[in-house]
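Asks: The following block contains a protein sequence and its predicted model.
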Amino acid sequence: MSLQALLFGAAFLAAVASPAPPAQSPAPATFAIASDPQTTLTVSNGAYFVVALASNITTGYGWNFVTAGPARTTVFLGKSYLEYKPPQQVADQPPMVGVGGTDLLLFKATHAGSATLSFAYSRPWEKNVKPVRTALFHIVVK
């Protein structure tokens, strides 16, 4: 089973099995997906979460985890890429050239506290070049 299938299967089960949180103070998640840097993600200590960022590896660019500061509340576990497949694409066809997708960066919450995770969209072979985009995600571990 691929990492993407595992992540999305776990996210689906977490969403279906969990009752809707109250509007005022959502309960910390045990598995979560963050895709909007404008919102703070709250997770339980020991929970897994994915930062999902639109990407296009056909250009050579990809999202990379840069740092977690100031507190060490999370551990980076790895990265995977989920290619977008248009609905009209037949399953046994090769991937469409130039089609983007999503970088999935997996983390585990390890200590209570808050941190800001920093990401850079760059080409790995280009050294001493500023990333074309950056993203900051605010994480609270309870």
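Replies: Looks like it arrived, so ask away. Numbers count the residues shown, from 1 in each chain.
Asks: Give the closest residue to the residue nearest the centre of the chain in space, chain neighbours not counted.
Replies: Using Cα atoms, centre = their mean, the residue of the chain that lies closest to the mean C-alpha position is Val51, 1.6 Å off. Excluding the flanking residues, the one nearest Val51 by Cβ to Cβ, 6 or more residues apart in numbering is Leu105, at 4.5 Å. For glycine as for every other residue, the C-beta is placed from the backbone atoms N, C-alpha and C.
Asks: any idea what the one you found is structurally, helix, strand or coil?
Replies: strand (DSSP: H, G, I helix; E, B strand; the rest coil).
Asks: Could you give the bridge partners of it?
Replies: Following DSSP bridges, Leu105 is listed with bridge partners Val51, Lys79.
Asks: Quick one: residues contacting the closest residue to Val132 other than its chain neighbours.
Replies: Excluding the flanking residues, the one nearest Val132 by Cβ to Cβ, 6+ apart is Tyr121, at 5.5 Å. Tyr121 makes contact with 53, 55, 61-64, 131-135 under the criterion Cβ atoms under 8 Å, 6 or more residues apart in numbering.
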